[in-house]
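# Provided below for reference: sequence and predicted model.
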Amino acid sequence: MRRVLLGVLAVVFLAGLAVPALAEQGGPKDGRTGGEKPGVGAKALKPSVPVTVSAKKYQAYRQKLNQVMDTFRNIHSAYGTGASEGTAASAFMQEEKYLPVVMTQLWVIKAFLAGQNDKGHGDMDYWIRTHNLLAAQGRFAATKLRDMIQSYQGKVNPLLGAAIANVADNLGKGMDKYSNGYGDLDYWVGASGYVRDALWQGASNLQAIIDAVPFTLPVDVTPIVKGQLMIIQDLVINQGDKGNGNIDYWIRSHGLLAMQARIIAGILQDILGRHPGLMGLLATSIRNVAGNLGQAAAKYSNGYGDLDYWVAASGFVRDALRAAGRNLKDITDSL
C-alpha cells in the first residue's frame, strides 16, 4: 500500500514541475460596475437566526453530555468499578471521533464560500455570466453539505445535522432565486450581488457552527486531510465554462474561473500551514496542486485579446481546475 501511495504522490509531484509559463489580461471597457458593498463581506455578516438557535441547542446538549460523563468518571474513580458508562459514553465517544472530520470539512466549504466575489465592470452579458457562475459555486457547496449530512447521519447529534441542513437549504434557495430571471443590466448586477451575499451568508453560518462545536484533532491528521481533499476535489472537478456570449461574457468566464483556482490554491496552502507534520511527499504533492492552480490562474491575468483569446483562456483555467480535481482524487484514493 505504501508503495502505491508513494507512486501516486510521485506522479502528482512530478506533474507540478511541468507548468506553463505565466502570461497576460484585459478587461471590459464599458458597462456597469458592481461588487462588494462598503462594510460588507463574509466576515461582517451575522449568522442567520435558525443556525444560531441550532448551534446554541447543540452547545447545551454537549454541556449536559459532558456533565454526565464527568459524573460517571467521578463514580468510577471513587469506587473503581470499571463499569460501562452506557449510552452517554457511547454518544460521547462517537461524536469525539467524527466531530474533527465534520468540522474540518465544514471549514473547507466555509473558506470556499467566503472567497467568492462579484467585483467587476462590464455589460449585461458580463453580469449574466457573473450571476450564473457564482450560483454554480453555491450549488456545488450545497451539494457537498447535503452529502455530508447523509454520510454522518447517526454519527453526530441531529441538532448538528439540522444546522448544516439549514445552511444547505438556504444556499440552494439563494442560488435559485434568479435562475429563470429576465431583466436589464441593473437587474443582473443586482442578481449577482444577491447571490454573492447568499454565498457569504452561508460562510458566516458555517463559521457559527464551527465556533459552537468543541473538537480535538487526532495525533495523525492524515484522515482529516484526506476528508478535506475529498471535499475540494468535488468542488473543482466539475467546474465548467459552457455558454455563449460576447467578449465581456468570456472575459468574465475566465476571471471567475481564475478566482476559483486562487481560492482553492489558498485553501490547500492553508491546510498545509495548519498541519505542518504531514508526511513529506503528501505535503509536497498538495503544494504542487496548489502551485499549478495558482499559475493557471495567473497565466492570462494580464492578457489582452479578441473573443477567441478569452474563450481559450477560460477553457485553460477550466481544464486546470478539473486536472486539480483528478490529481486530488489520485491522492485521496491512495491514502
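Looks like it arrived, so ask away.
# what residue spans form the domains of this protein?
Following automatic domain parsing, the chain resolves into domains at 1-30+217-335, 34-58+103-216.
# export those domains to JSON lines and tack on mean neighbour count?
(Each C-beta comes from the backbone N, C-alpha and C, glycine too.) Output for the domains of the chain, formatted as JSON lines (neighbours: other CB atoms under 10 Å):
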{"stretch": "domain 1-30+217-335", "mean neighbour count": "18"}
{"stretch": "domain 34-58+103-216", "mean neighbour count": "19"}
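# make CSV out of the ones you listed and add distance to Gln94.
Below are the domains of the chain laid out as CSV (distance: least, CB to CB, whole Å):
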stretch, distance to Gln94
domain 1-30+217-335, 14
domain 34-58+103-216, 6
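# between these, which gets nearest to Glu95?
domain 34-58+103-216 (5.6 Å; CB to CB).
# just the mean pLDDT for that closest one, thanks.
Averaged across domain 34-58+103-216, pLDDT comes to 90.
# one more: stretch 284-300?
For stretch 284-300, mean pLDDT is 97.
# can you start the count at 577 instead of 1 from here on
Got it, first residue is 577 now, which makes that one stretch 860-876.
# of all the domains of the chain, which one is nearest Glu672?
Using CB to CB, the domains of the chain put domain 610-634+679-792 closest to Glu672, at 7.5 Å.
# report the distance from that closest one to the chain centre.
10 Å (CA atoms, centre = their mean, to the nearest Å).
# hey, where'd the strands end up in the stretch 577-726 of the chain?
Shown for the stretch 577-726 of the chain, the strands assigned by DSSP state E, counting those that start in this stretch span residues 608-610, 696-698.
# quick revisit: nearest to Lys640 among the domains of the chain would be which one?
The nearest among the domains of the chain, by CB to CB, is domain 610-634+679-792 at 10.9 Å.
# just give the nearest non-adjacent residue to Gly759, would you?
Excluding its sequence neighbours, the residue lying closest to Gly759 (CB to CB, 6 or more residues apart in numbering) is Ala767, at 7.6 Å.
# the strand or helix carrying the one you found packs against which elements?
Using DSSP states H and E, the element containing Ala767 is helix 761-788. Contact analysis of helix 761-788 by 3 or more CB pairs under 8 Å, 6 or more residues apart in numbering; DSSP states H and E lists strand 608-610, helix 625-655, helix 662-690, helix 700-727, helix 734-752 as its packing neighbours.
# 10 Å instead?
Judged by 3 or more CB pairs under 10 Å, 6 or more residues apart in numbering; DSSP states H and E, the packing partners of helix 761-788 are strand 608-610, helix 625-655, helix 662-690, strand 696-698, helix 700-727, helix 734-752.
# from memory Val677 sits against Lys731, does it?
Yes - using CB atoms under 10 Å, Val677 is in contact with Lys731, at 9.1 Å.
# with the flanking residues excluded, which residue is spatially nearest to Pro623?
Using CB to CB, 6+ apart, the closest residue to Pro623 is Ala784 (3.6 Å).
# so who does that neighbour touch?
Neighbouring residues of Ala784 by CB atoms under 10 Å, 6 or more residues apart in numbering: 622-624, 627-628, 630-632, 686, 739, 743.
# greatest separation within the residues you listed: which pair is it?
Within the contacts of Ala784, two members stand farthest from each other by CB to CB: Lys632 and Lys686, at 18.9 Å.
# kindly provide the distance from the residue sitting nearest the centre point of the chain to Met679.
Among the residues of the chain, the one closest to the centroid is Ile685, at 2.8 Å (CA atoms, centre = their mean). Look at Ile685 and Met679: by CB to CB, to the nearest Å, they are 11 Å apart.
# try Ile785
For Ile785, the distance to Met679 (CB to CB) stands at 8 Å.
# give the residues shared as contacts by those two.
686, 736.
# my read: the residue nearest to the centre of the chain touches Ile839, true?
No - Ile685 is beyond contact range of Ile839, at 11.5 Å (criterion: CB under 10 Å).
# what do the two both touch?
Leu811.
# in this structure Ala841 contacts Ala873, no?
Yes - Ala841 lies in contact with Ala873 (CB under 10 Å); the separation is 7.2 Å.
# what sits against Ala774?
Neighbours of Ala774 in contact, by CB under 10 Å, 6+ apart: 689, 692, 710-711, 714, 746-753.
# likewise Leu747?
685, 689, 711, 713-719, 721-722, 771, 774-775, 777-779, 781-782.
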